[in-house]
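[1] Sequence below, structure please.
(one chain, ligands or ions: 1)
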Amino acid sequence: MSGDAYEAARLDMVERQIRRRGIGEPQVLDAMANVPRHRFVSAQHRHLSYADSALPIASGQTISQPYMVAAMTEALDLPPHSRVLEVGTGSGYQTAVLAELAAKVFTIERVSALADSARSILDRLGYKNIRFRVGDGSRGWPEHAPFRGILVTAAAAVVPERLLEQLEDKGCLVVPVGGDSDQDLYCIKRFGRDYERRFITRCRFVPLVEEPPT
Ligand code: SAH
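    Just a heads-up that it's a prediction; the model follows:
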């Protein structure tokens, strides 16, 4: 497929899979239209880059379905100039979408081979507002907290407390919570010491692997 054909497929994806399903935030639609998802997909699956599904990436992980990336990003409701934390860099695709909208993105991945590959793709695409870290993201990144938004792209058994603590006031944690087969996606918004939890949709993510405490 040529670059133009990928772009046409991407704009069609934004219209059919995202806008028509109710994602209306113009900045999110623009970000989804700008990020070349095919650059994050392996050669074997590249022809499916703009299909309505998650796809396998290395290390037994997945690149999320485009609609899910858009829905999670919209749920964060980021004002301009926000700082965001992503847990589970994976392919780096969701990272790029966040980098289109936020002033600064901090992203943590436990599998170093995935982090390396995501970093090289994002560097080549010219993103300059992303900091990478290899490790257990369920503990957050306290040195750079608080964050306006925290996005977890792997399924947690329970809401990770350490992440809630790293939210700014009015900040939002978007996280899939539940068992291995499927989960509930929640947006949890902080109001001082209180938190308000909103259900977004059912979803299916790979598990969040937490390291034992040291
Ligand atoms: N947003 C990514 C989704 C990748 S799948 C994309 O669209 O490509 C989820 C990722 O979370 C996997 O790469 C997995 O290795 C990573 N992960 C799982 N548990 C983690 C943890 N505790 N800390 C950081 N990353 C984790």
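[2] is P56 in a bridge, and if so with what?
    Listed by DSSP bridges, the beta-bridge partners for P56 are T62.
[3] quick one: pLDDT of it?
    At P56, the predicted lDDT confidence score is 95.
[4] Could I get the contacting residues of it?
    Residues in contact with P56, defined by CB atoms under 8 Å, 6 or more residues apart in numbering, are S42, H45, T62, I63. For the C-beta atoms, the positions are set from N, CA and C on the backbone; glycine is no exception.
[5] Show the pLDDT at the first one.
    Which is S42. In the predicted model, S42 carries a pLDDT score of 95.
[6] Can you give me the distance of it to the ligand?
    Distance, S42 to the ligand, by CB to the nearest ligand atom, to the nearest Å: 12 Å.
[7] Surely that residue and S59 touch.
    No. Counting by CB atoms under 8 Å, S42 does not reach S59; the two are 11.7 Å apart.
[8] which SS class is the one residue sitting closest to the centre of the chain?
    The C-alpha lying nearest the average C-alpha coordinate of the chain belongs to Q94 (CA atoms, centre = their mean; 3.9 Å). On the three-state scheme (DSSP: H, G, I helix; E, B strand; the rest coil), Q94 is labelled helix.
[9] Surely it and P66 touch.
    No. The pair Q94 / P66 is not scored as a contact, 10.1 Å apart, by CB under 8 Å.
[10] who touches the spatially closest residue to Q94 that is not a sequence neighbour in this structure?
    Closest residue to Q94 in three dimensions, ignoring its sequence neighbours and counting by CB to CB, 6 or more residues apart in numbering: V69, at 5.1 Å. V69 makes contact with M32, Y93, Q94, V97 under the criterion CB under 8 Å, 6+ apart.
[11] helices or strands up against the longest strand belonging to the chain?
    Of all the segments assigned as strand in the chain under DSSP state E, the longest by residue count is strand 167-178. Here strand 167-178 touches helix 66-76, strand 147-152, helix 161-164, strand 183-191, going by 3 or more CB pairs under 8 Å, 6 or more residues apart in numbering; DSSP states H and E.
[12] Next, the angle strand 167-178 makes with the first one.
    Using axes from the mean of the first three to the mean of the last three CA atoms, to 10 degrees, the interaxial angle of helix 66-76 with respect to strand 167-178 works out to 150 degrees.
[13] moving C-terminal of helix 66-76, what's the next helix or strand?
    Along the chain past helix 66-76, the next helix or strand (assigned with DSSP states H and E) turns out to be strand 83-87.
[14] other SSEs contacting that following strand?
    helix 93-101, strand 104-109, strand 147-152.
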